[in-house]
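Visitor: build the 3D model from these lines:
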Amino acid sequence: MTTLDNLYSSTSGGSGLVPTLDDLPSVLRLGTRRSQLARTQSQWFADRLVAALALVAPEREFRVELVEVVTSGDVSAASNTPLTSLGGTGVFVSALREAVLRDECDFAVHSLKDLPNAQPEGLTLASVPRRECPADVLIGRDDLGFDELPAGSVIGTGSPRRAAQMLALRDDIKIVGIRGNIDTRIGKVATGEVDAVVLALAGLRRIGRHAEATHVFTSEQMLPAPGQGALAVECRSETNGSVALLAALRLIDDAVTRLCVLAERALLARLEAGCAAPVGALATYQNSGGDQTLTLTAFAGSTDGTTSIRHTATARTRDPRTDEPVAITLGRALAEQMLDAGAALLIPVPDPVPAADEALAREGDS
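Guide: Below you'll find the predicted structure:
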């Protein structure tokens, strides 16, 4: 339940003083891509933000307007421009960030796994809402699950991470690269172009199509991309009214989700791996009888499925709201273990201008 305590802890540095919302505009502008998934998850956040503000400032009425921003990835899809000509990580993020910095919108909602590791100057990661299930799922023809697909079946995915883990499970399948939004990719199964596709369960749930999944991969079968299933909300870090806006956005921040994705992204950063790398990671938080632990499991593998490295590490925590350094240390430490085991040999060296990668190929995924 949203309470004033969220507001105290997020912006006052523990002073107990509630930042005033007097400077917060009654109409807030939320930048979003124009895809169905992007608009759906942006509206999801907008609805929760308005509800939270109604609790902490019942004397005022707020509303959120969606501002559509066209990204280079969207343009490429419409014009059939080859993805390799666009650069890599961040093509679905940079236009939204620029719109926030130009004051065309007040904040933007991203799929967190699309965010480059480096936080740009002038922007703050204001909110990480509660995470949706991070699992990957398969949608197969004739309602076939992953294990039921016959030998030689063709599975579509633009993700080296997914390809590496599926081929490690089954060497009798064929992986082909695909791109496009959720409708486009599922449509390739219906037309017989592929026998199955792999998508993030979170995206399917957000648009109400999760019942079409014919197989849900367990974390033992397939680790998700770092940050998969989570959203990231960014706003300007230093502008008039930014303190009030940050306080408002932090009302929807989930400390446990933020802690987990920090560990996952710290690992990714230490491995110097981008979305093109066949790397998966998942952090989980447990609080059992006051014994709080953060567990991180990571995978790196060759894209042909013949070689893989998987390690797990655990750290004790005290409070997810203040243990961000613990999460970052855990992620970096596990990355060192992976590197000692030879992970660097499995991770492509990023190009100065990254080639088409998972962030591009999974357009519309989450």
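Visitor: show me where the stretch 51-200 of the chain has its strands.
Guide: If DSSP state E, counting those that start in this stretch is used as the criterion, the strands of the stretch 51-200 of the chain fall at 63-68, 107-111, 123-127, 136-140, 154-156, 174-176, 196-200.
Visitor: contacts for the last one?
Guide: Contacts to strand 196-200, defined as Cβ atoms under 8 Å, 6 or more residues apart in numbering, come from residues 134-141, 144, 146, 149, 153-157, 159, 162, 166, 178, 182, 185-186, 188-189, 213-214, 217, 224, 228-229, 362, 365-366. No exception for glycine: its C-beta is placed from N, CA and C like everyone else's.
Visitor: tell me where the model's unsure across the chain.
Guide: For the chain, the stretches flagged by pLDDT under 70 are 1-20, 71-91, 239-241, 275-276, 349-364.
Visitor: would you map the helices across it?
Guide: Taking DSSP state H as the criterion, the chain contains helices spanning 4-11, 36-56, 72-79, 94-101, 160-169, 182-190, 201-206, 242-250, 255-270, 324-340, 358-361.
Visitor: include mean neighbour count and distance to Thr295 when you put these into TSV, please.
Guide: As requested, those are exported to TSV (neighbours: other Cβ atoms under 10 Å; distance: least, Cβ to Cβ, whole Å):
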stretch	mean neighbour count	distance to Thr295
helix 4-11	17	25
helix 36-56	18	27
helix 72-79	16	34
helix 94-101	20	32
helix 160-169	23	19
helix 182-190	17	30
helix 201-206	23	20
helix 242-250	21	26
helix 255-270	24	9
helix 324-340	19	9
helix 358-361	26	24
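Visitor: could I get the ones you listed as TSV with distance to Pro116?
Guide: Shown next, in TSV, are the helices of the chain (distance: least, Cβ to Cβ, whole Å):
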stretch	distance to Pro116
helix 4-11	24
helix 36-56	18
helix 72-79	14
helix 94-101	9
helix 160-169	16
helix 182-190	23
helix 201-206	20
helix 242-250	20
helix 255-270	10
helix 324-340	16
helix 358-361	9
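Visitor: so which of the ones you listed comes closest to Thr303?
Guide: Closest to Thr303 of these, according to Cβ to Cβ: helix 160-169, at 5.0 Å.
Visitor: for that closest one, name the packing helices and strands.
Guide: For helix 160-169, the elements it packs on are strand 174-176, strand 279-288, strand 291-301, strand 308-317, judged by 3 or more Cβ pairs under 8 Å, 6 or more residues apart in numbering; DSSP states H and E.
Visitor: now the angle between strand 291-301 and that helix, please.
Guide: 80 degrees (axes from the mean of the first three to the mean of the last three Cα atoms, to 10 degrees).
Visitor: what's in contact with helix 160-169?
Guide: 136, 146, 155, 157, 173, 175, 198, 217, 221-223, 225, 276-280, 299, 301-306, 308, 358.
Visitor: just the buried residues of those residues.
Guide: Neighbour-count burial (16 or more other Cβ atoms under 10 Å) applied to these gives 136, 146, 155, 157, 173, 175, 198, 217, 221-223, 225, 276-280, 299, 301-303, 305, 308, 358.
Visitor: show me which residues of stretch 58-68 are buried.
Guide: 62, 64, 66-67.
Visitor: list the contacts of it.
Guide: For stretch 58-68, the surrounding residues in contact (Cβ under 8 Å, 6+ apart) are 21, 24, 26-34, 39, 42-43, 46, 49-50, 53-54, 99, 104-105.
Visitor: re earlier: closest to Arg318 out of the helices of the chain?
Guide: When the helices of the chain are compared by Cβ to Cβ, helix 324-340 sits nearest Arg318, at 8.3 Å.
Visitor: chain center to that closest one: distance?
Guide: 19 Å (Cα atoms, centre = their mean, to the nearest Å).
Visitor: with just CA atoms, put it into CSV.
Guide: Only the C-alpha atoms of helix 324-340 are listed here, as CSV (Å, rounded to 0.1, in the frame of the first residue of the first chain):
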residue,chain,number,x,y,z
GLU,A,324,22.1,-0.8,-3.0
PRO,A,325,25.9,-1.0,-2.4
VAL,A,326,25.5,-4.7,-1.3
ALA,A,327,23.6,-5.4,-4.6
ILE,A,328,26.3,-3.7,-6.7
THR,A,329,29.1,-5.5,-4.9
LEU,A,330,27.3,-8.9,-5.4
GLY,A,331,26.9,-8.3,-9.1
ARG,A,332,30.5,-7.3,-9.6
ALA,A,333,31.8,-10.2,-7.5
LEU,A,334,29.8,-12.8,-9.4
ALA,A,335,31.0,-11.3,-12.7
GLU,A,336,34.6,-11.8,-11.5
GLN,A,337,33.8,-15.5,-10.9
MET,A,338,32.3,-15.7,-14.3
LEU,A,339,35.4,-14.1,-15.9
ASP,A,340,37.7,-16.4,-13.9
